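# here is the input, now give the coordinates:
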Amino acid sequence: MLEVINAINGVVWGNVLIFLFLTAGLIFTILMKFVQVRRIKDMVALLFEKNDDNAGISSFQALAMSLGSRVGTGNIVGVALAISLGGPGAVFWMWVTGFLGSATSFIEITLTQVYKSKINGEYRGGVPYYIHKGLNMKWLAIAAAIILTVAIGILWPTTQANTIALTVQSTFNISPLVTGILLAMLIAVIIFGGVKRIATVSEFLVPFMAFGYMSICIIILAFNISEIPAMFSLIISSAFNLNATFSGLLGLAIAKGVQRGVFSNAAGLGSETFESGAANVSHPAKQGLVQAFSVYLDTLLICTATAFMILITGMYNVTGADGTAIVSSLPNAGPELYTQFAISTVIGSFGKYFMTASLFLFCFTTLITYFYKMDTNLVYLKSTLSIKGNSLDYIAKFSFLFMVVFGSVNSATLIWGLADLGVGLMGWVNMIAIVLLAKTAIKVLKDYEQQKKNGEDPIFRPGLLNIKNADYWEELEQKRTIEQQESENIEREKVPVV
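Have a look, this model is predicted:
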């Protein structure tokens, strides 16, 4: 069965989908006049906008949750795998994907905010919400919610838990079952506390783990500072088939660089939309810009750190399409060990402990944000299908925790293949949806920029832009109108009658 799933995944995740990601990102970039460059200052400033509404979370908390999901084993093992199959040139194409993916992320996150809902006192948004409201395709939205619930909430946790358990066993000789149970207990404390607790934990852990990882990268670069120019030359020359050693790998460099970039930052897959739906902002474009910046942080910062550590120390192998060894610096090591060996060249045996801690934090934050994604899809299904009571919520929580333990003690190869298939199909659905709805997101961006040009703090009024089914914003606009009228009436009553 595994061979069948892998064969189907080869079609779903084939070159056509990769081409769609690149082409859509390029078109979005041109239509929005390189918004990911023009609005970098706004991206950074908006990170620190305060949240004054208990129903939502801050932009920074949403960013931390999203990065907690994005930054995982793909940033370490995934980058190493891209280099081992596509050569150093894959890193350049990973950068290109991150740059274009930033524009794609702006589109899908802005749509998430436009079509979000307030349900049971909390903001919710994401793929099913904008498919339902934006495209008026309820059946497809329900199907998308079910696929994402199963893939992200049931299947994906096994792989992250498995990574933690095997790493801890290798480093500390602790049984995977013990690790799985302790991990499930720790996660339970967080997920039973709701979105606020998930956001708070992510807000603390994500900057901490990113800072630690980048610090090690800087140390390694400092110890090899004379090699930095040669490293950049190697990346660029290999990316354009100008390096004799890696000649013939151009196609693989592009394919693997784009694939790992997409898998890492998830721009266009729709899996990173849910956290942003919980953010409280005055205008959808604000959160769109914040999450566009998160793609930079993921791909151009964390993934690049991994690539630099591996390449500058020479701790990698490269295999040609025919299986021939092109570079064989670590004959008996797979891509999962490249980063550990690279770090060990500077800090010795401490490298394996650092990598164990890094992988634990990366995978742990990914796990807790997976639960939030699943929960948001369940909230959509319950509200759309009028499912009452909390039974489904408790079943989801305990199923999630069970899969964490199950994944810790079992090989997740087949499950990972099924999860990739589900989200790959979702990637097709989401990309088609955001292409069809891109006009709305671009209209919202123009509105934001016009208000900024007028010296205003942008406020979203869907009625003025002729955007339909933006229920939350329409109600907010009506509330503001009523409050303004009441304020004007009070002021008139204060005027003495002559």
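
# tell me how far Leu135 lies from Ala144.
11 Å (Cβ to Cβ, to the nearest Å). Just so you know, the C-beta spots here come from the backbone N, C-alpha and C atoms, and that holds for glycine as well.

# among these two, which residue is more densely surrounded?
Counted by other Cβ atoms under 10 Å, Leu135 and Ala144 do not tie: Ala144 has more neighbours, with 25 against 16.

# the more buried one contacts Met426, correct?
Yes - using Cβ atoms under 8 Å, Ala144 is in contact with Met426, at 6.3 Å.

# anything in contact with each of these two?
Val127, Gly270 (Cβ atoms under 8 Å, 6 or more residues apart in numbering).

# pLDDT score for Trp416?
With respect to pLDDT, Trp416 scores 67.

# where in the stretch 51-200 of the chain is pLDDT low?
By pLDDT under 70, the weakly predicted segments of the stretch 51-200 of the chain are 53-55, 69-74, 195.

# how about the strands of it, start to end?
117-119, 122-124 (DSSP state E, counting those that start in this stretch).

# winner for burial among those?
strand 122-124 (a mean of 22; mean count of other Cβ atoms under 10 Å).

# distance from it to the middle of the chain?
With Cα atoms, centre = their mean, to the nearest Å as the basis, strand 122-124 stands 19 Å off its chain's centre.

# would you map the helices across the stretch 251-400 of the chain?
Ranges of helices in the stretch 251-400 of the chain, per DSSP state H, counting those that start in this stretch, are 274-277, 284-295, 304-313, 338-347, 350-384, 391-409.

# swap in the stretch 1-150 of the chain?
Counting by DSSP H, counting those that start in this stretch, the helices of the stretch 1-150 of the chain are 2-12, 15-31, 35-38, 40-46, 59-70, 77-86, 89-114, 127-134, 138-150.

# quick one: closest of those to Lys286.
helix 40-46 (5.1 Å; Cβ to Cβ).

# could I have that closest one exported to PDB, CA atoms only?
Output of helix 40-46 as PDB, limited to C-alpha atoms (Å, rounded to 0.1, in the frame of the first residue of the first chain):
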ATOM      1  CA  ILE A  40       8.600  45.500   4.700                       C
ATOM      2  CA  LYS A  41       8.600  48.500   7.100                       C
ATOM      3  CA  ASP A  42       4.800  47.900   7.700                       C
ATOM      4  CA  MET A  43       5.400  44.200   8.200                       C
ATOM      5  CA  VAL A  44       7.800  44.800  11.100                       C
ATOM      6  CA  ALA A  45       5.800  47.700  12.700                       C
ATOM      7  CA  LEU A  46       2.500  45.700  12.600                       C
END
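
# all numbers from here: first residue = 34
Okay, using 34 as the starting number, the last item reads as helix 73-79.

# dump the residue contacts of Met494.
Careful, residue 494 is Arg; it's not Met. Contacts of Arg494 (Cβ under 8 Å, 6+ apart): Trp506, Glu510.

# if you set the cut-off to 10 Å instead, what comes out?
His316, Asp480, Gln484, Ile500, Ala503, Trp506, Glu507, Leu509, Glu510, Arg513, Thr514 (Cβ atoms under 10 Å, 6 or more residues apart in numbering).

# got a list of what the first one touches?
With contacts taken as Cβ under 10 Å, 6+ apart, His316 has the following neighbours: 79, 143, 146-147, 322, 477-478, 480-481, 484-485, 490-494, 506.

# returning to that earlier point: what is in contact with Leu168 and Ala177 at once?
Common contacts of Leu168 and Ala177 (Cβ under 10 Å, 6+ apart): Ala466.

# sorry, back to before: distance to Ser271 and mean neighbour count for the helices of the stretch 284-433 of the chain - can I get that in TSV?
Below are the helices of the stretch 284-433 of the chain laid out as TSV (distance: least, Cβ to Cβ, whole Å; neighbours: other Cβ atoms under 10 Å):
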stretch	distance to Ser271	mean neighbour count
helix 307-310	35	30
helix 317-328	23	28
helix 337-346	10	24
helix 371-380	16	22
helix 383-417	26	22
helix 424-442	36	18
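
# show the buried residues in the contacts of His316.
79, 143, 146-147, 322, 477-478, 480-481, 484, 491, 493-494, 506 (16 or more other Cβ atoms under 10 Å).

# of the residues you listed, which is the nearest to Ser266?
Leu322 (33.7 Å).

# next one, pLDDT for that closest one please.
96.

# list the contacts for it?
Applying Cβ under 10 Å, 6+ apart to Leu322 gives the contacts 68-69, 72-80, 92, 135, 138-139, 142-143, 314, 316, 478, 481.

# what about the nearest residue to it once chain neighbours are set aside, neighbour count?
Spatial nearest neighbour of Leu322, excluding adjacent residues (Cβ to Cβ, 6 or more residues apart in numbering): Met76 at 4.8 Å. Neighbourhood size, Met76 [other Cβ under 10 Å]: 22.

# and Met76, how far from Thr337?
Relative to Thr337, and taking Cβ to Cβ, Met76 is found at 18 Å.

# one more: Thr473?
33 Å.

# likewise for Gly47?
On the measure of Cβ to Cβ, Gly47 and Thr337 end up 26 Å apart.

# same deal with Val328?
12 Å.

# between those two, which contacts overlap?
With Cβ under 10 Å, 6+ apart as the test, Val328 and Thr337 both reach Gly131.

# chain neighbours aside, what residue packs nearest to Ile420?
Leu414 (6.8 Å).

# just Ile500 next, same as before
Thr473 (6.0 Å).

# now the host helix or strand of that neighbour against helix 424-442, angle please.
Assigned by DSSP states H and E, Thr473 falls within helix 446-486. Calculated by axes from the mean of the first three to the mean of the last three Cα atoms, to 10 degrees, helix 446-486 forms an angle of 120 degrees with helix 424-442.

# sounds good, over and out.
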